[in-house]
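Visitor: Build the 3D model from these lines:
(one chain, ligands or ions: 1)
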Amino acid sequence: MELTNNSTDRGLLDAQLELWHNTFAFMKSMALKSAVDLHIADAIHLHGGAATLPQILTKVDLHPSKIPSLHRLMRVLATTNVFSMQHPSPSADGSEPVYALTPVSRLLLGSQTPLTAMVLDPIIVSPFFELGTWFQHELPDPCIFKQTHGRPIWEMTKQDATFDALVNDGLASDSQFIMDVAIKQCAEVFQGISSLIDVGGGIGAAAQAISKAFPHVKCSVLDLEHIIAKAPADTGVQFITGDMFESIPPANAVL
Ligand SMILES: C[S@@+](CC[C@H](N)C(=O)[O-])C[C@H]1O[C@@H](n2cnc3c(N)ncnc32)[C@H](O)[C@@H]1O
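Guide: Next comes the predicted model:
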């Protein structure tokens, strides 16, 4: 590479930095996945919300040979605001940085965010390695998941109980989280309707939250047979098996 003058050099270095940021962006999500797998947020929480590495290590199960590498993972996670990192003061000789929970990592406590585990699962991530190929081929089915796994995602949930649980838990937890906020912040949206159907509503997390908050709204969920089979009973929500591309039962509002 030829560097001609100062401003060109600066531009080239900035461009390379930007390129590296984009190239290594996956490190952020993989570091997050490690934090979830290792329950690091819970380990910090057990120390009152802020902990040094030795304190974290008392609660996290690591192979002893990997202990020296934990600080690298924590540095990435601090850079991405999953945790905060407070450096020891220069006068405090030999003391350790303190890692604290942030609003982001508080969402990870007690495995509260199964959506993160779901989205970062290799089954969901791996199709994206083929995104370029997907753009080059005229496919009979416009589904990148099917291109990699040979079947659409909802077919796989039907055939693979572990994957089904991962997806249902992930989506239901996200619906629950969002609906709790929507019900508080946008209650007026639910006034004046007497029936609602959540199309592709999964095991009914959103519909149950609405039904509980607004008992005057008769809530139903339409989903595929193998999903409805796992829906909870006695929730006040009506679960209907069907294909949304064939028909949608009538209701005042469709979610
Ligand atoms: C993105 S998820 C929505 C999940 C839901 N919001 C929840 O809280 O679990 C899409 C849903 O659509 C369902 N689905 C996919 N194809 C469908 C179809 N043809 N007819 C009805 N439901 C379908 C899936 O089974 C899945 O539960």
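Visitor: For whatever residue of the stretch 51-200 of the chain ends up closest to the ligand, give its distance to S105.
Guide: Using C-beta to the nearest ligand atom, G200 is the residue of the stretch 51-200 of the chain that sits closest to the ligand, at 2.7 Å. For the C-beta atoms, the positions are set from N, CA and C on the backbone; glycine is no exception. For G200, the distance to S105 (C-beta to C-beta, to the nearest Å) stands at 31 Å.
Visitor: P249 too?
Guide: Between P249 and S105 the distance is 41 Å, computed by C-beta to C-beta.
Visitor: Could you do P97 as well?
Guide: 16 Å.
Visitor: Give me the more crowded residue out of the two.
Guide: S105 (25 against 14; other C-beta atoms under 10 Å).
Visitor: Now for that one: which residues touch it?
Guide: Contacts for S105 were tallied using C-beta atoms under 8 Å, 6 or more residues apart in numbering; they are 35, 40-41, 44, 82-83.
Visitor: which residue sits closest to it, ignoring its sequence neighbours?
Guide: Closest residue in space to S105, ignoring its immediate chain neighbours: A41 at 4.3 Å, by C-beta to C-beta, 6 or more residues apart in numbering.
Visitor: wouldn't the one you found be in contact with Q112 here?
Guide: No. Look at A41 against Q112 with C-beta atoms under 8 Å: they stay out of range, at 9.2 Å.
Visitor: Tell me which residues touch E96, please.
Guide: Counting by C-beta under 8 Å, 6+ apart, E96 makes contact with 52-54, 88.
Visitor: what about it, which SS state?
Guide: Assigned by DSSP: H, G, I helix; E, B strand; the rest coil, the conformation of E96 is coil.
Visitor: Run through the stretch 101-250 of the chain and note the low-pLDDT ranges.
Guide: Scanning the stretch 101-250 of the chain for pLDDT under 70 picks out no residues.
Visitor: residues of stretch 236-245 that come out buried?
Guide: Neighbour-count burial for stretch 236-245, counted by 16 or more other C-beta atoms under 10 Å, picks out 237-240.
Visitor: The residue of the stretch 51-200 of the chain closest to the ligand: what's it in contact with?
Guide: Neighbouring residues of G200 by C-beta under 8 Å, 6+ apart: 222-223, 244.
Visitor: Next, work out how far apart it and A207 are.
Guide: From G200 across to A207, the span is 11 Å (C-beta to C-beta).
Visitor: ditto for E130
Guide: E130 sits 35 Å away from A207, going by C-beta to C-beta.
Visitor: Looking at the two, which one has more neighbours?
Guide: Neighbour comparison, E130 and A207: the larger count goes to A207, with 28 against 15 (by other C-beta under 10 Å).
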